[in-house]
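Undergrad: After the sequence you'll find the predicted model.
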Amino acid sequence: MALERLDKILASQNIGSRKQVGTMIRKGMVTVNGTPAVRADQKIDAEKDVISVQGHRLEVSRYVYLMMNKPKGVLSASRDTRAKTVIDLVPEEWQRKGLFPAGRLDKDTTGLLILTNDGDFAHKMLSPKKNIEKIYHAILDFPVDSDDITAFVEGVKMKDFEALPAKLCILPKELCDSGIIPSERQVQVCIREGKYHQVKRMFLSRGKTVQELSRVQIGSLGLDSSLAPGQVRLMTSEEILAVFT
């Protein structure tokens, strides 16, 4: 592993913000190989050097798992020469080689997006065999009816594939946008796969157009309501496990 700043490593392990860990270092709360660290920008090798915080050895994870509230107009990609990507929104201390969005959202789709450099985690999360549910909230141009709900349950048929059975319902009033949009046009969709533009195409096959789309949950992991569009934070170990439950 390449040498990295001590404060960056500590922040990447959810010890605190760069400012907070800098204060901890200055107060002598952090040691490297048994010697108190004196500078936040001290370069160390996290795989070889022993870091302790307040006397407790820190086991540095090579992987990072981030939750983002993806905003509109940003690509779910690792890099793009012409447009801003979700990786561009990640603070420097959480940047990793190989960081990518696990389960992409369309450019104009918002909501829960997981970023990681753990390929096995992403593969497991995205595999249709795992039957992990992804829940979306959508605003349509026309209200849904009972035939639409039945079609989703039976598996919407499209030109190139037949979707797995999905759940469709009108959003409870407490979750609806209280503006001028009728509640019958505000729906929740639960799918267990992620084909290209799938939710939009499923509604289009029913003669309805998705005007707004946001992913709110993956497995048992819900989007943190305190995250503003474009904000990102480290996931807890419990949240990582919640993806698969």
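TA: That came in fine, so what should we check first? Remember, predicted model here, so these are calculated numbers, not experimental data. Numbering: from 1, shown residues only.
Undergrad: contacts, neighbours, all on C-alpha from now
TA: OK.
Undergrad: got the CA positions of the longest strand seen in the chain in PDB?
TA: Taking DSSP state E as the criterion, the chain has its longest strand at strand 210-218. These are the backbone C-alpha positions of strand 210-218, laid out as PDB (Å, rounded to 0.1, in the frame of the first residue of the first chain):
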ATOM      1  CA  VAL A 210     -42.000   8.400 -15.000                       C
ATOM      2  CA  GLN A 211     -41.500  12.100 -14.300                       C
ATOM      3  CA  GLU A 212     -39.500  11.700 -11.100                       C
ATOM      4  CA  LEU A 213     -37.700   8.600  -9.700                       C
ATOM      5  CA  SER A 214     -35.800   8.100  -6.500                       C
ATOM      6  CA  ARG A 215     -34.400   4.900  -4.900                       C
ATOM      7  CA  VAL A 216     -35.100   4.900  -1.200                       C
ATOM      8  CA  GLN A 217     -34.000   1.400   0.000                       C
ATOM      9  CA  ILE A 218     -31.800  -1.600  -0.900                       C
END
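Undergrad: List the buried residues of that strand.
TA: Counting neighbours by 16 or more other C-alpha atoms under 10 Å, one finds that the buried residues in strand 210-218 are Val210, Leu213, Ser214, Arg215, Val216, Gln217, Ile218.
Undergrad: Could you please name the strands it pairs with and the direction of each pair?
TA: strand 110-116 (parallel), strand 134-140 (antiparallel), strand 221-222 (antiparallel) (DSSP bridges).
Undergrad: in this protein, what spans have low per-residue confidence?
TA: Applying pLDDT under 70 to the chain picks out residues 1.
Undergrad: Now do the domain split for it, please.
TA: According to automatic domain parsing, the chain is divided into the following domains: 4-57, 65-127+222-242, 133-218.
Undergrad: Which of the strands paired with strand 210-218 sits closest to Lys173?
TA: For these, distance to Lys173 was read as C-alpha to C-alpha. The smallest value, 12.8 Å, belongs to strand 134-140.
Undergrad: what residues does the closest one touch?
TA: 171, 185-193, 208-219 (C-alpha atoms under 8 Å, 6 or more residues apart in numbering).
Undergrad: and the next element down the chain from that strand?
TA: Scanning forward in sequence from strand 134-140 by DSSP states H and E, the next helix or strand is helix 146-154.
Undergrad: Would you state the helices of the chain in chain order?
TA: Read by DSSP state H, the chain holds these helices, from start to end of the chain: 6-12, 18-26, 119-126, 146-154, 198-204, 237-242.
Undergrad: Quick check: which helices or strands does the third one pack against?
TA: Other elements packing on helix 119-126 under the criterion 3 or more C-alpha pairs under 8 Å, 6 or more residues apart in numbering; DSSP states H and E are strand 100-102.
Undergrad: Could you rerun that using 7 Å?
TA: In terms of contacts (3 or more C-alpha pairs under 7 Å, 6 or more residues apart in numbering; DSSP states H and E), helix 119-126 is not packed against any helix or strand.
Undergrad: Same check on the second one?
TA: Contact here means 3+ C-alpha pairs under 7 Å, 6+ apart; on that basis helix 18-26 packs against helix 6-12.
Undergrad: count of neighbours near Leu204?
TA: For Leu204, the number of neighbouring residues by other C-alpha atoms under 10 Å comes to 13.
Undergrad: before we move on, what about Lys134?
TA: For Lys134, the neighbour count with other C-alpha under 10 Å is 22.
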